[in-house]
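> give me coordinates for this.
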Amino acid sequence: MANLQHAYAVIMAGGKGERFWPLSTARRPKQLLDLAGGKPLILQAVDRLAGLVAPDRILIVTNESLVAPIREMLGQGSPVGVLGEPVGRDTAAAIAAGAAWIKRRDPEAVFCVLTADHVIGNLPTFRDILERGMELCAQNDVLMTIGINPSEPSSAYGYIEAGDRWRKSGDVEFFQVRRFVEKPDAETARGYLATGRYAWNSGMFVWSVRNILKAFEEFRPALAERIEAWSACSDDAAFQAALERDFPGLDKISIDYAVMEKARNLVVCKGTFAWDDVGSWPALESHLPKDGQGNATKGDVEALDSARNIVVSDGRLTALVGVDDLVVVQAEGVTLVCSKARSQDIKGLLARLRTQQNRETIL
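Here you go, the predicted model:
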């Protein structure tokens with residue numbers, strides 16, 4: 001393998017994690033929490049790049065309000081960069097900011113785009129895929145996305161259809177991308193799996209600064225102009241000031257809609273590592289220890305004649321008697337009780353709470 005002397009990484013950490021309320025709040029969203037894996041998700045995202053990308057070439061792009069707590073978690077003197085978005089403008093703008101930060105340092109760079117709220121296993125396989133992907137993207141005019149080999153016909157993810165094989169590097173195969181498809185219904189997803197051509201869209205990417213800038217120039221020229229302007233900033237303070245000035249006027253659009261669904265030079269690698277985007281409380285179930293009745297618990301929990309519950313108790317005892325298939329969370333002075341089947345509706349509950357007075361401290 002080539003020495004990746006131009007390797008960088010952008011970790012997107014701007015999500016709110018609303019489906020993990022009340023443990024996840026605006027002041028302490030899920031990427032700052034130890035939901036699974038023994039340390040906060042943001043630190044796991046940095047750690048899994050060890051040996052592949054130097055710490056001073058890693059950039060975390062997050063909400064402006066989270067810059068200080070993330071820096072505190074990283075520890076005094078950490079060379080990892082942290083960039084604060086003054087307002088959320090979705091992933092295209094976040095990636096453009098990351099590309100400009102990297103271009104200032106190395107116009108020849110190749111970088112991966114990862115997210116802070118994934119739980120990933122089989123790290124040697126994950127790193128091997130990233131390393132081979134960055135090597136290929138440094139040498140070829142392609143934009144690469146990492147798909148995940150589907151373990152079930154899930155309706156929770158978008159899918160990527162792979163076409164002809166493009167390259168093989170070691171044991172890793174890369175395919176041309178035929179198309180991106182939106183989240184399907186269960187029957188359509190079963191059909192996708194039967195073909196063997198589809199992968200879950202993980203939201204992880206690899207490309208060179210040169211090629212992502214070229215894609216922005218073609219499909220989102222306003223963002224390409226911002227990348228050029230931001231990368232010309234004299235220092236990081238001037239860079240942050242430029243974001244403050246420009247971000248509110250940017251379009252709110254994902255990188256998928258802005259670039260990936262339009263570009264013709266896409267390749268996909270099917271990730272064979274363990275992956276979970278832990279998007280809601282039920283997704284956490286497989287990452288928590290279980291008692292004899294199948295209750296997945298974290299914290300001080302006691303359950304009598306209760307089964308298949310997910311119980312998270314932050315700082316005090318939470319006790320259950322005679323209930324099944326619930327999500328019970330005690331955190332930040334708030335107790336949530338909901339059926340597992342309705343856990344996706346927590347966002348709707350938060351929308352209602354936002355209309356009420358004096359709820360800001362718990363949201």
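> Ala303 should be in a strand, yeah?
Yes. Checked against DSSP: H, G, I helix; E, B strand; the rest coil, Ala303 lies within a strand.
> wait, it touches Val311, no?
Yes. At 6.9 Å, Ala303 counts as touching Val311 under the criterion of Cβ atoms under 8 Å. To be clear about C-beta, it is placed using only N, CA and C from the backbone, and glycine gets the same treatment.
> more neighbours: which of these two?
Val311 (24 against 21; other Cβ atoms under 10 Å).
> which of the helices or strands spans that one?
If you go by DSSP states H and E, Val311 is part of strand 310-321.
> what does Ala92 give?
Here Ala92, judged by DSSP H and E, is contained in helix 90-105.
> repeat that for Ser151.
Judged by DSSP H and E, Ser151 forms part of no helix or strand.
> what of the one 4 residues further on?
Under the assignment given by DSSP H and E, Ser155 is not contained in any helix or strand.
> pull the contacting residues for Arg19.
Applying Cβ atoms under 8 Å, 6 or more residues apart in numbering, we find Arg19 in contact with 279-281, 343-344, 346-347.
> can you pick the most crowded of those?
Result: Trp281 is most packed of these (other Cβ under 10 Å), 25 neighbours.
> find residues that contact each of Ala303 and Val311.
295, 297, 320.
> quick one, what contacts the second one?
So the one you mean is Thr297. Counting by Cβ under 8 Å, 6+ apart, Thr297 makes contact with 288-291, 303, 310-313.
> for the first one, same thing?
With contacts defined as Cβ under 8 Å, 6+ apart, Asn295 is in contact with 301, 303, 306-311, 320.
> mark which of those are buried, thanks.
Neighbour-count burial (16 or more other Cβ atoms under 10 Å) is assigned, among the contacts of Asn295, to 301, 303, 306-307, 309-311, 320.
> this structure: helices as residue ranges?
With helices called from DSSP state H, the chain shows them at 41-47, 67-74, 90-105, 123-139, 186-195, 209-219, 221-231, 236-246, 255, 281-284, 346-354.
> ok, which of those helices comes nearest Leu4?
Across the helices of the chain, Leu4 has its closest neighbour in helix 123-139 (5.6 Å, Cβ to Cβ).
> dump the contacts of Thr297 to a markdown table, plus pLDDT and distance to Phe174.
Formatted as a markdown table, the contacts of Thr297 follow (pLDDT from 0 to 100; distance: Cβ to Cβ, whole Å):
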| residue | pLDDT | distance to Phe174 |
| --- | --- | --- |
| Leu288 | 91 | 35 |
| Pro289 | 92 | 38 |
| Lys290 | 94 | 38 |
| Asp291 | 94 | 43 |
| Ala303 | 96 | 47 |
| Ile310 | 96 | 38 |
| Val311 | 96 | 43 |
| Val312 | 94 | 39 |
| Ser313 | 93 | 45 |
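> farthest pair in the residues you listed?
Lys290 and Ser313 (15.2 Å).
> so which of those two has more stuff around it?
Ser313 (20 against 13).
> ok, the more buried one - contacts?
Ser313 sits next to 297-301, 328-331 when contact means Cβ under 8 Å, 6+ apart.
> please repeat the previous calculation with a cut-off of 6 Å.
When contacts are counted by Cβ atoms under 6 Å, 6 or more residues apart in numbering, Ser313 touches 299-301, 330.
> how about it, nearest residue that isn't a chain neighbour?
Gly299 (3.6 Å; Cβ to Cβ, 6 or more residues apart in numbering).
> gap between that neighbour and Lys290?
14 Å (Cβ to Cβ, to the nearest Å).
> how about stretch 214-223: buried residues?
214-216, 219-220, 223.
> give me the domain ranges for the protein.
Per automatic domain parsing, the structural domains of the chain span 7-276, 281-362.
> pick the most buried one from those.
Among the domains of the chain, domain 7-276 has the highest mean neighbour count (mean count of other Cβ atoms under 10 Å), at a mean of 19.
> how far does that domain sit from the chain's center?
The chain centre lies 7 Å from the centre of domain 7-276; the measure is Cα atoms, centre = their mean, to the nearest Å.
> pretty sure Val80 is touching Val53, no?
No. Look at Val80 against Val53 with Cβ atoms under 6 Å: they stay out of range, at 10.0 Å.
> CA atoms only: put stretch 303-322 into CSV for me.
Extracted in CSV, the C-alpha atoms of stretch 303-322 (Å, rounded to 0.1, in the frame of the first residue of the first chain):
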residue,chain,number,x,y,z
ALA,A,303,-37.1,-5.3,36.4
LEU,A,304,-39.7,-7.7,37.8
ASP,A,305,-41.9,-9.8,35.5
SER,A,306,-40.9,-7.5,32.7
ALA,A,307,-39.5,-8.5,29.3
ARG,A,308,-37.9,-7.1,26.1
ASN,A,309,-37.7,-3.5,27.5
ILE,A,310,-35.0,-1.0,26.8
VAL,A,311,-34.2,0.9,30.0
VAL,A,312,-31.6,3.6,30.4
SER,A,313,-31.4,5.2,33.9
ASP,A,314,-28.9,8.1,34.3
GLY,A,315,-28.1,8.7,37.9
ARG,A,316,-30.9,7.0,39.8
LEU,A,317,-32.8,3.8,40.1
THR,A,318,-35.5,3.0,37.5
ALA,A,319,-37.8,0.1,38.4
LEU,A,320,-40.2,-1.8,36.1
VAL,A,321,-43.0,-4.2,37.1
GLY,A,322,-45.1,-6.3,34.8
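> chain center to it, what's the gap?
Remark: stretch 303-322 is offset 29 Å from the chain centroid, using Cα atoms, centre = their mean.
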